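> Here is a sequence with its predicted model. Questions after.
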Amino acid sequence: MERWASFDCYGTLIDWDGGVRAELASVFGDDRADGLLARYHEVEPELQRSGELTYREVLTEAMRQLGAPAGEEHGLAESLPGWRAFPEVHASLEELRRRGWKLAILSNTDDDFIAASQVQIGVPFDEVVVAQEIGSYKPAHRHWEEFFHRTRAPREGHVHVAASLFHDIAPANELRLRSVWINRLGGQATPEPTRELPDLLALPETLDELVPARS
């Protein structure tokens with residue numbers, strides 16, 4: 001049986017909060033960055049709700065709504081390709097591939113952004129599903145529907161890995177999929193994932209426990 005691990009990208013593999021905060025600090029000043037980051041988390045899902053905007057447009061409109069000066073509203077979109085992967089990500093994904101896991105990304109982003117982020121990650125993925133090509137943003141279920149349609153991955157051999165309870169863990173539960181919540185910020189799990197980890201260091205062992213390799 002094929003074993004598949006699907007991943008959210010931003011916040012799970014790529015340091016999304018760090019990338020967004022750095023740009024907010026550059027535009028608005030460091031003293032306002034944390035408050036505006038919290039506000040961004042509220043604005044973004046509303047802009048994604050219809051699925052009509054590309055993620056580049058979401059980033060740009062969010063900056064406008066946060067009050068970015070004219071000419072600065074494109075800063076988030078322009079900075080995203082340089083956002084770095086978390087330190088443990090490359091080695092953990094390499095180990096998963098060594099153990100025979102197939103890897104996929106299911107991301108609320110655009111083709112060019114996810115291509116740039118894959119360069120930052122430095123590990124090949126077997127499938128990538130992004131919002132731009134399907135016209136839908138998580139927590140809607142379309143990413144998973146498209147993933148299973150393309151890969152024919154067996155549900156009993158699949159686990160979804162993500163940092164967002166709202167965008168990923170909740171819909172995974174609705175779809176009755178196993179999940180691993182990457183709780184980098186020390187939050188409380190509501191809804192509850194199948195497993196919880198602080199980062200990806202122990203992910204290979206955790207996934208092997210959830211879906212043991214068959215000899």
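In hand now; what should we look at? Numbers count the residues shown, from 1 in each chain.

> give me the low-pLDDT residue ranges for the protein?
Applying pLDDT under 70 to the chain picks out residues 215.

> May I see the buried residues of the top helix by length along the chain?
The longest helix of the chain (DSSP state H) is helix 30-48. For helix 30-48, a neighbour-count test (16 or more other Cβ atoms under 10 Å) marks A33, L36, L37, R39, Y40, V43, E44, L47, Q48 as buried. No exception for glycine: its C-beta is placed from N, CA and C like everyone else's.

> so which of those residues comes closest to W144?
Using Cβ to Cβ, Q48 comes nearest to W144 of these, at 16.3 Å.

> May I have the residues that are in contact with the closest one?
For Q48, the contact set (Cβ atoms under 8 Å, 6 or more residues apart in numbering) comprises V58, N108, A131, Y137.

> hang on, the second one packs against R56?
No: taking Cβ atoms under 8 Å as the definition, N108 is not a contact partner of R56, at 12.0 Å.

> out of those two, which sits in the busier spot?
Comparing N108 with R56 by neighbour count (other Cβ atoms under 10 Å), the higher total belongs to N108, at 27 against 18.

> For that one, what are phi and psi?
phi -80, psi 70 (degrees, to the nearest 10).

> go on, the one 5 residues further on?
Summarising the backbone geometry of F113 under the convention degrees, to the nearest 10, its torsions are phi -70, psi -50.

> Please, which helix or strand holds R21?
Using DSSP states H and E, R21 sits in helix 16-28.
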